[in-house]
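K.L.:
quick one: sequence and predicted model below, then my questions.
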Amino acid sequence: MKNRMKVLIFSAAIILVIMPLSGCLDLDESDDDRIGIIVTLPPQIEMVEALGGNNVKVTEMVPSGQSPHAYEPVPSQIKAVAEAIAYFKIGTGIEFEVNHLDFLQEKNQDMKMFDCSVGVPLLEVGEQYNGHEHTRDNIKELTRGDHDEDPHIWLAPSNAKIMVRNIYDGLVTIDPENKNFYEGNLHLYLTKLDELINDTHSKLEQYTGREFLVYHPSWTYLAYEFNLTQLAIEESGKEPGPAELAAIIDKAKEHNINVIFISPQFDKANAEYIANEIDGRVETIDPLNENYIENLQSVINKLMNTFNID
């Protein structure tokens, strides 16, 4: 009996010692002293982390696999906004920001807002039904504030260079003590983007003007930068009717197109129907992949594989 009492007393003493220590060792999120950064889209994660490194903790509002045209934020994301220091928005009228940015700012009125699109030349969306094509000759640059701008600015690497400079300015504003760290990382990432741009121009110069067919017209800026022609099935969130489908099929046959590119955020039904009509296939390219540079390299390679050399 005495031995049992000794064991119980000893155990209680151990518990009393461990309890305060366990509180000191509790490494929950409250101990994370990184700068809370919010971005709208996954590609921005690479950009912010490339500059901010371990100084930043980045949360995207539209997760991979979701559409920025329809996504609604969930409670865990709203909590991250409430704790964030800064929000880096795309700034081009993308639906998620139009629908939710004011609400998110209300959740954290101290959160600084930075616009990644400042200085980026905006291009019009344009009409693409009935065989209309997006080429460098018929796409016009817009004055900021127009309502016809294509919001997908990040898909041209030259635009990404401007975006990361805006991100750098924002990081220095909220954390000036680490300016040299952010500046060094900025130069490293800009070098990688320059390498991507030069390599892509070298690969695609023999394909100037070549057409590629996409479901959703996300790739206007990429096509414009590298002198390609984008054809699209869907326009402004609207499914094509029978006449539009017929026109798209005729255009695909005219240009000997046998691949339809679709984003993983969209239904494949119409794309697969057209693919069957042109004896082609459907391939996925993702405009929202978090691995920005690697993803663009993959997209360029897939496009090259669809072009026929005369």
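P.N.:
Structure received.

K.L.:
with only the CA atoms kept, save the helix or strand hosting V98 in CSV.
P.N.:
Per DSSP states H and E: V98 is located in helix 95-107. This file holds the C-alpha atoms of helix 95-107, laid out as CSV (Å, rounded to 0.1, in the frame of the first residue of the first chain):
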residue,chain,number,x,y,z
GLU,A,95,-14.2,38.2,-60.4
PHE,A,96,-13.0,37.0,-57.0
GLU,A,97,-11.5,40.4,-56.2
VAL,A,98,-14.5,42.3,-57.6
ASN,A,99,-16.9,40.2,-55.5
HIS,A,100,-15.0,39.8,-52.2
LEU,A,101,-12.1,42.3,-51.8
ASP,A,102,-14.2,44.9,-50.0
PHE,A,103,-15.5,42.3,-47.6
LEU,A,104,-12.0,41.0,-46.9
GLN,A,105,-10.7,44.5,-46.3
GLU,A,106,-13.5,45.0,-43.7
LYS,A,107,-12.3,41.9,-41.9
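
K.L.:
for it, what is the average pLDDT?
P.N.:
Averaged over helix 95-107, pLDDT sits at 96.

K.L.:
other SSEs contacting the helix or strand where N159 lies?
P.N.:
Using DSSP H and E, N159 sits in helix 157-174. With contacts defined as 3 or more Cβ pairs under 8 Å, 6 or more residues apart in numbering; DSSP states H and E, helix 157-174 has these neighbours: helix 43-52, strand 86-89, strand 112-115, helix 179-204, helix 220-225, helix 292-306. Heads up, the C-betas are built off the backbone N, CA and C, glycines and all.

K.L.:
now do the longest one: distance to the chain's middle.
P.N.:
What that stands for is helix 179-204. 17 Å (Cα atoms, centre = their mean, to the nearest Å).

K.L.:
and the helix or strand immediately after that helix in the chain, C-alpha only, in CSV?
P.N.:
The C-terminal neighbour of helix 179-204 among helices and strands, as given by DSSP H and E, is strand 211-214. This file holds the C-alpha atoms of strand 211-214, laid out as CSV (Å, rounded to 0.1, in the frame of the first residue of the first chain):
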residue,chain,number,x,y,z
GLU,A,211,-2.9,29.1,-83.7
PHE,A,212,-3.8,27.1,-80.6
LEU,A,213,-7.3,26.3,-79.4
VAL,A,214,-8.3,26.8,-75.7
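
K.L.:
now the helix holding N159 against helix 179-204, angle please.
P.N.:
170 degrees (axes from the mean of the first three to the mean of the last three Cα atoms, to 10 degrees).

K.L.:
out of the helices and strands packed on helix 157-174, nearest to F103?
P.N.:
strand 86-89 (12.1 Å; Cβ to Cβ).

K.L.:
tell me which strands that closest one pairs with, and in which orientation.
P.N.:
Strand pairing for strand 86-89, determined by DSSP bridges: strand 35-39 (parallel), strand 112-115 (parallel).

K.L.:
may I see these organised as TSV, with distance to L188, mean pLDDT and mean neighbour count added?
P.N.:
Converted to TSV, the strands paired with strand 86-89 look like this (distance: least, Cβ to Cβ, whole Å; pLDDT from 0 to 100; neighbours: other Cβ atoms under 10 Å):
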stretch	distance to L188	mean pLDDT	mean neighbour count
strand 35-39	19	98	23
strand 112-115	21	98	16
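
K.L.:
cheers, nothing more for now.
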